[in-house]
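> Kindly generate the corresponding structure for this input.
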Amino acid sequence: MEFIRDYADWFYLIGAVLFILTLRGLSGPKTAITGNRYGMLAMGIAVVTTFFVAENPVVWMILAAMAAGAVVGIARARTVPMTQMPETVALMHSLVGLAAVLIAIAAIIHNNKLIAIGPDLLAANGVNFHQMSSVHLFELFVGCFVGAITFTASVFAYGKLAAKKWAKTIAGAWVKPVQALIFIAMLICGFTFFTTGSMPAFWAMTALALIFGWVWIAPVGGGDMPVVVSLLNSFSGWAAAGIGFTLENNMLIVAGSLVGSSGAILSYIMCKAMNRSIINVLFGGAMGGVAVANADAGEKVQRNYRSGSADDAGFLMSNADSVVIVPGYGMAQGRAQNAVKELANLLKEQGVTVRFAIHPVAGRMPGHMNVLLAEADVPYEDILEMDEINSDFPATDVVLVIGANDVVNPAAKDDPSSPIYGMPILEAHKARITMVIKRSMATGYAGLDNDLFYNDKTMMVFGDAKKVVEDMTKAINGTGH
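You can find the predicted model right below:
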């Protein structure tokens, strides 16, 4: 295996190029499968190459860890429903952060053991040892504290998305001062470790970073969780890149940088779609924490709305020239994507123009709705982003909103007092008729009532998304009861 060892840099370069091609492939549904294959091949090359260039690897431990990871990963991939994909992604990010922390700890312990043995004794046994430089200490400092923050923040994000009781949103005037104190203390301990190599300072920095990750994300409300998941994806990449420098592994540096930069770009795009800055999302209050509190503080006002049946909705759509379908988390929760595809196909057969409108933050994670529609084999050309389709809503006969709430809320444009005022939305309220499928009149994930539901042109259709869409399809083709 001297061949692999001698040409390791070339193998790493090939893997890095494949990772770049992976990101390019994942930019669109048509090329996503090819992109995933590039990524798997790149990771395989990285693992095999690292295995053979590592000095004195404990083979049985490596193989056991790989086997255990493969078993858990395959089992989770085969069993996780699409409704649980966001929390699964968050949990994956936590593992990357934890790995960065453990690698940093192992590197420091290993270095201290070598120092205890002594350079002279090591040299007598043919071991060349150089004590960690300031650069290496800084790399460990960055990799460890970013990894620690990523770990606990991602665990909380998982709990929040999975509606776990222990992942409770915190609020109050004390939150920001506590966040600031923990962050400053963490930096002081990190600086002490960086300048002196003090192990107590390193342990204190790591502990404070773990606490900060939790306290930092806990105030963020449910409506902002898609941005948080994207940002934590970026953090996991930067943590991996930092540890890559410590291990002098070029492949890890490149892969981590790609993940970090792409996650940061996606976070920026999503914040722009919400008309908010990343600082406002993470430190300016919770869209779903503050919003709910404000809503609860006011007096409840009974508002009138108009409801109809699936048969009514089917009749209106079958007699329309154009229909736009706006999917939301309710479609994912009801696993209705295949039923929606059948409805769209039936309408097309009757000469109706059918398109899908996607908001950048619809669902519980970036691209959630795109993944669901791709899973149902909805043609890519039928799926339009917000900027592409908003101008078409006034000329649209019927808009069918399936389980979406905040991304179609007119208050974002009309109500300056709304917490989401200024957030770009899908302007479904401008269509001639809007139909909304929901289980009830309950608020969405951000905890805000939706003015669209009370619009004179809106018809509410209550029930499970899949069942309602199937009933609509039956009404259109004449098989309903």
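> Low-confidence ranges, the stretch 351-481 of the chain, go.
Within the stretch 351-481 of the chain, the segments meeting pLDDT under 70 span 444-447, 479-481.
> residue boundaries of the strands in it?
Taking DSSP state E, counting those that start in this stretch as the criterion, the stretch 351-481 of the chain carries its strands at 353-358, 383-385, 398-402, 433-438, 458-462.
> Can you say which of these is packed in most?
Mean neighbour count (mean count of other C-beta atoms under 10 Å) peaks for strand 398-402 among the strands of the stretch 351-481 of the chain, with a mean of 28. (Each C-beta comes from the backbone N, C-alpha and C, glycine too.)
> which residues make contact with it from outside it?
Outside strand 398-402, the residues that touch it by C-beta atoms under 8 Å, 6 or more residues apart in numbering are 313, 316-317, 320, 322-328, 330-331, 336, 340, 357, 393, 408, 428, 431-437, 452, 465, 469.
> orientation of that strand relative to strand 458-462 in degrees?
In terms of direction (axes from the mean of the first three to the mean of the last three C-alpha atoms, to 10 degrees), strand 398-402 departs from strand 458-462 by 40 degrees.
> Can you list the strands that strand 398-402 pairs with?
Here strand 398-402 is paired, per DSSP bridges, with strand 322-327 (parallel), strand 433-438 (parallel).
> so which of these comes closest to R24?
For R24, the closest of these is strand 322-327, at 25.9 Å, according to C-beta to C-beta.
> Buried residues in that closest one, which are they?
Buried residues in strand 322-327, counted by 16 or more other C-beta atoms under 10 Å: S322, V323, V324, I325, V326, P327.
> Show me what the fifth one bridges to in the sheet.
Here V326 shows beta-bridge partners V401, assigned using DSSP bridges.
> how about TSV for the strands paired with strand 398-402, with distance to A239 added?
Conversion of these to TSV gives the following (distance: least, C-beta to C-beta, whole Å):
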stretch	distance to A239
strand 322-327	33
strand 433-438	40
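> what's the closest of the ones you listed to E381?
Closest of these to E381 is strand 322-327, at 14.3 Å (criterion: C-beta to C-beta).
> just checking, what packs against whichever helix or strand comes after the closest one?
Counting by DSSP states H and E, the element after strand 322-327 in chain order, helix or strand, is helix 329-333. Applying 3 or more C-beta pairs under 8 Å, 6 or more residues apart in numbering; DSSP states H and E, we find helix 329-333 packed against helix 368-375, helix 465-477.
> one more time with 7 Å, if that's ok
For helix 329-333, the elements it packs on are helix 368-375, judged by 3 or more C-beta pairs under 7 Å, 6 or more residues apart in numbering; DSSP states H and E.
> Could you give me the buried positions within the helix it packs on?
In helix 368-375, counting by 16+ other C-beta under 10 Å, buried: H368, M369, N370, V371, L372, L373, A374.
> One more: stretch 342-362?
By 16+ other C-beta under 10 Å, the buried positions in stretch 342-362 come out as 343-344, 346-347, 352, 354-362.
> one step back: wait, which of the strands paired with strand 398-402 is closest to A209?
The nearest among the strands paired with strand 398-402, by C-beta to C-beta, is strand 322-327 at 37.9 Å.
> gap between the closest one and the chain center?
Between the centre of strand 322-327 and the centre of its chain there are 25 Å (C-alpha atoms, centre = their mean, to the nearest Å).
> and if you look at stretch 331-341?
Worked out by C-alpha atoms, centre = their mean, stretch 331-341 lies 20 Å from the chain centre.
> what's that stretch in contact with?
Stretch 331-341 has contacts (C-beta atoms under 7 Å, 6 or more residues apart in numbering) with 82-83, 325, 327, 363, 368, 372-373, 375-378, 402-403, 464-466, 469-470.
> can you tell me the average pLDDT over that stretch?
Stretch 331-341 carries an average pLDDT of 90.
> Likewise for stretch 44-62?
Averaged over stretch 44-62, pLDDT sits at 84.
> before we move on, the earlier item: could you dump the strands of the stretch 351-481 of the chain to JSON lines with distance to F245?
Formatted as JSON lines, these follow (distance: least, C-beta to C-beta, whole Å):
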{"stretch": "strand 353-358", "distance to F245": "38"}
{"stretch": "strand 383-385", "distance to F245": "37"}
{"stretch": "strand 398-402", "distance to F245": "47"}
{"stretch": "strand 433-438", "distance to F245": "50"}
{"stretch": "strand 458-462", "distance to F245": "55"}
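> other SSEs contacting the longest helix anywhere in the chain?
Using DSSP state H, we find that the single longest helix of the chain is helix 85-117. For helix 85-117, the packing partners by 3+ C-beta pairs under 7 Å, 6+ apart come out as helix 134-161, helix 225-247.
> how does it look with 8 Å?
If you count contacts as 3+ C-beta pairs under 8 Å, 6+ apart, helix 85-117 packs onto helix 134-161, helix 199-217, helix 225-247, helix 368-375.
> And for the residue sitting nearest the centre point of the chain, nearest residue in space, chain neighbours not counted?
For the chain, the residue nearest the mean C-alpha position is V229 (3.4 Å; C-alpha atoms, centre = their mean). What sits nearest to V229 in space, not counting adjacent residues and going by C-beta to C-beta, 6 or more residues apart in numbering, is M365, at 5.0 Å.
> now for the strand or helix carrying T34, which elements pack on it?
If you go by DSSP H and E, T34 is part of helix 29-53. Judged by 3+ C-beta pairs under 8 Å, 6+ apart, the packing partners of helix 29-53 are helix 2-6, helix 8-25, helix 250-273, helix 368-375.
> 7 Å instead, please
Identification of packing neighbours for helix 29-53 by 3+ C-beta pairs under 7 Å, 6+ apart yields helix 2-6, helix 8-25.
> okay if I get those as CSV plus mean neighbour count, mean pLDDT and distance to T150?
What follows is the helices and strands packed on helix 29-53, written out as CSV (neighbours: other C-beta atoms under 10 Å; pLDDT from 0 to 100; distance: least, C-beta to C-beta, whole Å):
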stretch, mean neighbour count, mean pLDDT, distance to T150
helix 2-6, 11, 69, 31
helix 8-25, 18, 90, 20
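> If anything else comes up later, I'll come back, but that's it for now.
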